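**Student:** predicted model and sequence follow; I will ask about them next.
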Amino acid sequence: MKLSENKSGGDFTPHPESEGTITGVLVDITPLKEVPDKFNPGQTKEVFRLVYETEVFDDANDRNFCIWSRPYTPSLNEKANFRKDIKKVLGRDLTARELEEFDTESLIGKNVKLIVQHEEGQNGNTYAVISFLGASKDGKMKASGKYTRVQDRDGENAPAPAKAATKKTEPASWQDVIVHVGKHKGKKLGDLETEAVETLIEKWLPANGDVDPLASALREVQSLLAPAEDDY
């Protein structure tokens, strides 16, 4: 993915909390993903994340732990969170030439220092978050090769298989699914405020299976709203 400064743009084991800084290596820049914009109800935005493999070993899964960054919008504006974190990863700001066009793939393999802490989500699950991020001067850590990039996972980004034509047209996305329960009955899911969607996920979804289009759409939104570790 290439950016320009002018472009606006289940069960798991969380990474253990760290005592002081630990070393990590950047192993993935995830593809852009459309998610609900909590500041603009009914609208969406594109985001991506950075993934770091750390030196902390996960004995249960025979591999190093990975931790996902917060979501970023694809912008190199000086106030953008991604620009701020690039400075931390590189230990410097971007050059004028890099601001004209910055290839995020150049970050793959960069060593960093991290501090990992735990936070409890609204659903009661514990999530690992990066509370400190900085450049690593030694640069000796190499990726183990056991992490598969999101873009390379089977089915993650492949086009959806063609479906036989039916009399009823399927919604193009979760945003177009019509709510058929509660006070928002008759509205498109994408037109609801985030709080209303979260209420459906919490109170209605558990009792309904994926055969219901609304249930399938809500599960998709649930995965989009989940903290980074849910994607790992």
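**Tutor:** Now that the structure is in, tell me what you want to look at.
**Student:** CA only for contacts and neighbour counts going forward, please
**Tutor:** Will do.
**Student:** buried set for stretch 141-156?
**Tutor:** Residues 141-143, 147, 150 are the ones in stretch 141-156 that count as buried (16 or more other CA atoms under 10 Å).
**Student:** show me those that map onto helices.
**Tutor:** Among the buried residues of stretch 141-156, DSSP state H puts none in helices.
**Student:** farthest pair within these?
**Tutor:** Taking CA to CA, the two most distant members of the buried residues of stretch 141-156 are 141 and 150; they sit 21.1 Å apart.
**Student:** helices along this protein, start to end?
**Tutor:** 81-90, 96-100, 194-199, 213-225.
**Student:** in JSON lines: those helices, plus mean pLDDT.
**Tutor:** Shown next, in JSON lines, are the helices of the chain (pLDDT from 0 to 100):
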{"stretch": "helix 81-90", "mean pLDDT": "96"}
{"stretch": "helix 96-100", "mean pLDDT": "93"}
{"stretch": "helix 194-199", "mean pLDDT": "80"}
{"stretch": "helix 213-225", "mean pLDDT": "73"}
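**Student:** bridged to residue 128, which residues?
**Tutor:** residue 118 (DSSP bridges).
**Student:** quick one: residues contacting it.
**Tutor:** Shown in contact with residue 128 (CA atoms under 8 Å, 6 or more residues apart in numbering): 14-17, 67, 116-119, 229.
**Student:** closest to residue 184 out of these?
**Tutor:** Distances from residue 184 to these, taken by CA to CA, are shortest for residue 229, at 30.7 Å.
**Student:** my guess is residue 53 meets residue 65, correct?
**Tutor:** Yes: the pair residue 53 / residue 65 is scored as a contact, 6.0 Å apart, by CA atoms under 8 Å.
**Student:** out of these two, which sits in the more crowded spot?
**Tutor:** More neighbours surround residue 53 than the other of residue 53 and residue 65, with 28 against 21 (other CA atoms under 10 Å).
**Student:** skipping its backbone neighbours, what lies nearest the more buried one in space?
**Tutor:** residue 66 (4.3 Å; CA to CA, 6 or more residues apart in numbering).
**Student:** strands of this structure, start to end?
**Tutor:** Using DSSP state E, the strands of the chain run over residues 2-3, 22-29, 33-36, 44-47, 50-58, 63-68, 102-103, 111-120, 126-135.
**Student:** mean pLDDT for those: which is lowest?
**Tutor:** Across the strands of the chain, strand 2-3 has the smallest mean pLDDT, namely a mean of 52.
**Student:** residues contacting the residue lying closest to residue 29 once chain neighbours are set aside?
**Tutor:** Nearest residue to residue 29, sequence neighbours excluded (CA to CA, 6+ apart): residue 50, at 4.8 Å. Residue 50 makes contact with 26-30, 68-70 under the criterion CA under 8 Å, 6+ apart.
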